[in-house]
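Asker: give me a model of this one.
(one chain, ligands or ions: 3)
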Amino acid sequence: MANRRMFSLDIVNTDKFLEMPMTAQALYFHLGMRADDDGFVASPVSVLRMVGGCKDDLSLLFAKGFVIPFNSGVCVVRHWKSNNYIQSDRYRPAIHVEEKALLTEDRNVYEFAPSTTGVIDSNPVSDLDTRCIQHVSIMDTQVRLELDNPSGRNCPDCGAEIMLYDIPYIGVIGREVECQCVKDQKEQKRLDLVTKGTAIIRKEMREDSGMGKRYQLYTFGRFKRSEGNGAALDAALRFVEDYCAGQAKYGGLMLCGNAGTGKTFLACAIANGLIDRRPIKDDWAEKGCDGWNGYNISSPVTFFGMADLLQRVRSSFNGQGAGENGAELIERAKSAKLLILDDFGAEKISDWVREVVYDIIEFRYQNVLHTVLTTNETPISLKEKYGERIADRVRNMCVTVPMTGKSQRRTAAMPASSEKEAVL
Ligand SMILES: Nc1ncnc2c1ncn2[C@@H]1O[C@H](COP(=O)(O)OP(=O)(O)OP(=O)(O)O)[C@@H](O)[C@H]1O
Ligand SMILES: [Mg+2]
Ligand SMILES: [Zn+2]
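Answerer: Ligands and ions are numbered 1, 2, ... in the order given. Down below sits the predicted model:
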C-alpha cells in the first residue's frame with residue numbers, strides 16, 4: 001500500500017467541507033491517511049477513537065457525503081480518486097471487494113451502483129441496525145438526511161402518527177421513526193436500571209468499607225443535632241465538603257468525647273456521605289445490576305475498629321483467626337485514602353500495640369493521608385497512653401472536635417426496626 005496520501009482542494013476547500021467542525025475535518029484527514037489504495041477504511045470507529053473524535057463527526061461525514069458507510073462497518077472516502085493518484089506499480093487493490101462491488105465511479109467520485117439501493121434495501125432493517133449503523137456507533141437520527149414524512153399509520157400505544165425517513169447513502173428508504181412514547185419508555189427503563197445498579201454498587205462499597213450493618217445506617221440524615229454535638233456535626237459536614245472538593249488541607253478529625261455521645265455515628269456519617277457522593281457512571285450502574293463490578297469500584301473510605309484491627313492482626317501473626325493476612329491489614333490501614341479508626345486508644349496498650357499504631361499513624365502523617373479518629377481519650381490522656389511520638393502526630397494531623405452531653409445510647413439509639421433496612 002502506498003504510504004502517502006493526498007487531498008484535493010476541490011474537496012477540502014469547499015464551504016461544505018469547511019463549514020464542518022474542525023474535529024470532523026480532522027477525522028476526514030485521518031480516515032484519508034489510513035484508507036487503503038482504493039479509499040476503504042476497515043475500522044472507522046477505531047480511527048475515530050484514536051483521534052479522540054465523537055460519533056457526531058463520523059455521522060456528519062456520512063451525512064455530508066464525504067464518506068460512505070457500509071453494512072459491514074467498513075467505509076470509503078467518497079472522493080478518494082479525486083484526492084489521490086496512486087501509481088500503478090504501487091497500487092494494491094482493496095480487500096473489501098464486496099463493498100467495492102456496491103459502488104460505481106462517476107468522474108472520480110464513488111456512488112452506490114443504481115441496483116445497490118435495492119440490494120441493501122432488501123436487507124431487513126434489523127440487520128442494518130446491527131451490522132452497519134450500530135456498528136459504527138451512530139444513532140440513526142444522526143445520519144438520516146431526508147425530512148420525516150408521514151406514514152399514514154399511528155402508534156398503537158399513544159396514537160401519534162408514525163413518521164418515515166430515508167438514509168440515502170446506505171439506501172434505506174421509508175424507515176420508521178421511533179415513536180416518542182417508545183423512546184420515553186426505553187429511557188425510563190434505563191433510568192430505573194441506573195437507580196437500581198447505583199444502589200447495588202453503593203451497598204457493595206459500604207460492605208467493602210469495613211463498616212458493619214448497623215454502622216452502614218449511620219448517615220447525616222439520621223444524626224440528631226443537639227447542644228453537645230452541633231459543632232461536631234458542622235465540622236463533619238464541612239470536612240465532607242472540603243474533602244470532596246479536594247480542599248481538606250487539614251489531615252482529618254479527631255472526635256473526642258464520653259461514651260454514647262455519637263462519635264462513631266458521626267464518623268460513619270462521614271464514611272456514608274463520601275460513599276454516597278462518589279460518582280457512579282450510568283453505564284457502570286446499568287451493568288452493576290447484574291452484579292458486575294468490572295471496574296472494581298472500591299469504597300472511598302476504610303473503616304476499622306481499633307481493637308478489632310489489632311486483634312485481627314495479632315490472630316494472623318499467631319497463625320489463628322480467619323485466615324487474614326495481618327501485614328495486609330496493616331497495609332490497608334496505612335494506605336487507605338481516607339481511614340476511620342474507631343475507638344482509638346480503647347485497646348490494651350503494649351509495646352507491640354504502640355509499634356503497630358505508630359507504623360500506621362506515621363505513614364499517614366508522612367503521606368498526608370486523611371484520617372478520622374473517634375476516641376474516649378483527650379489529647380493529654382492519649383499522650384500518656386501512646387507516648388509523645390504518636391500523640392504529637394495525631395494532634396498535628398487531626399483537628400480535635402469535642403462531643404459532649406449525655407450518652408445517647410439509650411435515648412436516641414436507633415430502633416431495631418430500622419436495623420432491618422441495613423439489608424437495604
Ligand atoms: N446524634 C445522634 N442522633 C441519633 N442517634 C444517636 C446520636 N448520637 C448517638 N446516637 C445513638 O446513640 C448510640 C451511641 O452512639 P455512638 O455509638 O455513636 O456513640 P460513641 O460516642 O461512639 O460511644 P462510645 O464511646 O461508647 O463508642 C447509638 O445507638 C447511636 O445510634
Ligand atoms: Mg464509638
Ligand atoms: Zn407512541
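Asker: tell me the SS of the residue in the stretch 101-250 of the chain that ligand 1 sits nearest to?
Answerer: The shortest separation between the stretch 101-250 of the chain and ligand 1 is 3.6 Å, found at K224 (distances taken as C-beta to the nearest ligand atom). For the C-beta atoms, the positions are set from N, CA and C on the backbone; glycine is no exception. What DSSP: H, G, I helix; E, B strand; the rest coil gives for K224 is coil.
Asker: neighbours of it, how many?
Answerer: If you count neighbours by other C-beta atoms under 10 Å, K224 ends up with 11.
Asker: look up how far V401 lies from it.
Answerer: Relative to V401, K224 is positioned 17 Å away (criterion: C-beta to C-beta, to the nearest Å).
Asker: do I95 as well
Answerer: Here the distance between I95 and V401 works out to 70 Å (C-beta to C-beta).
Asker: these two: which is more packed in?
Answerer: The neighbour count for I95 versus V401, taken as other C-beta under 10 Å, is higher for V401 (23 against 13).
Asker: return the set of residues that bridge with that one.
Answerer: When bridges are called by DSSP bridges, V401 pairs up with L255.
Asker: contacts only, for it.
Answerer: With contacts taken as C-beta atoms under 8 Å, 6 or more residues apart in numbering, V401 has the following neighbours: 231-232, 235-236, 253-256.
Asker: find me the pLDDT at it, would you?
Answerer: V401 is assigned a pLDDT of 96 by the prediction.
Asker: just the buried ones from the contacts of V401, in ChimeraX syntax?
Answerer: Buried members of these can be picked out in ChimeraX with the line below, counting by 16 or more other C-beta atoms under 10 Å:
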select :232,235,236,253,254,255,256
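Asker: pLDDT weak spots in this protein?
Answerer: Applying pLDDT under 70 to the chain flags the ranges 1-2, 114-148, 166-173, 291-296, 410-424.
Asker: and the gap between D89 and E324?
Answerer: Distance, D89 to E324, by C-beta to C-beta: 70 Å.
Asker: who's more crowded, those two?
Answerer: A side-by-side neighbour count of D89 and E324, using other C-beta under 10 Å, places E324 first with 12 against 6.
Asker: give me the nearest residue to that one, chain neighbours excluded.
Answerer: Excluding the flanking residues, the one nearest E324 by C-beta to C-beta, 6 or more residues apart in numbering is S316, at 5.2 Å.
Asker: does the helix or strand harbouring that neighbour reach ligand 1?
Answerer: Using DSSP states H and E, S316 sits in helix 306-317. No: counting by C-beta under 6 Å from any ligand atom, ligand 1 has no neighbours in helix 306-317; the shortest distance is 10.7 Å.
Asker: tell me the buried residues in that helix?
Answerer: Buried residues in helix 306-317, counting neighbours by 16+ other C-beta under 10 Å, are found at 306-307, 309-310, 312-314, 316.
Asker: swap in stretch 243-258?
Answerer: Residues of stretch 243-258 classed as buried under the neighbour-count rule (16+ other C-beta under 10 Å) are 243, 248, 251-257.
Asker: in contact with R393, which residues?
Answerer: For R393, the residues meeting the contact criterion (C-beta under 8 Å, 6+ apart) are 361-362, 365.
Asker: so which of these are in helices?
Answerer: 361-362, 365 (DSSP state H).
Asker: closest one of the residues you listed to V394?
Answerer: I361 (6.3 Å; C-beta to C-beta).
Asker: what about the closest one, neighbour count?
Answerer: The number of residues packed around I361, counting by other C-beta under 10 Å, is 25.
Asker: these two touch, right, it and D392?
Answerer: No: the criterion here is C-beta atoms under 8 Å, and I361 misses it with D392 at 9.8 Å.
Asker: the residue nearest to the spatial centre of the chain and ligand 1, how far apart?
Answerer: The centre of the chain sits closest to K281, judged by C-alpha atoms, centre = their mean, with a distance of 3.6 Å. Distance, K281 to ligand 1, by C-beta to the nearest ligand atom, to the nearest Å: 33 Å.
Asker: F265 too?
Answerer: Separation of F265 from ligand 1 (C-beta to the nearest ligand atom) stands at 3 Å.
Asker: the chain against ligand 1: which residues are in contact?
Answerer: Within the chain, the positions adjacent to ligand 1 are 223-224, 229, 257, 259-265, 343, 374, 376, 408-409, 412-414 by C-beta under 6 Å from any ligand atom.
Asker: doesn't L339 fall inside a strand?
Answerer: Yes: the assignment for L339, made by three-state DSSP, places it in a strand.
Asker: quick check: bridge partners of it?
Answerer: The bridge-partner assignment for L339, based on DSSP bridges, gives T302, T371.
Asker: who touches G39 in this structure?
Answerer: Contacts of G39 were listed using C-beta under 8 Å, 6+ apart, and they are 32, 76-78, 80-81, 83-84, 94, 110.
Asker: which residue ranges make up the domains of this protein?
Answerer: The chain is divided into the following domains under automatic domain parsing: 9-145, 190-423.
Asker: okay, those in a markdown table with distance to G152 next?
Answerer: Written out in a markdown table, the entries for these read as follows (distance: least, C-beta to C-beta, whole Å):
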| stretch | distance to G152 |
| --- | --- |
| domain 9-145 | 18 |
| domain 190-423 | 31 |
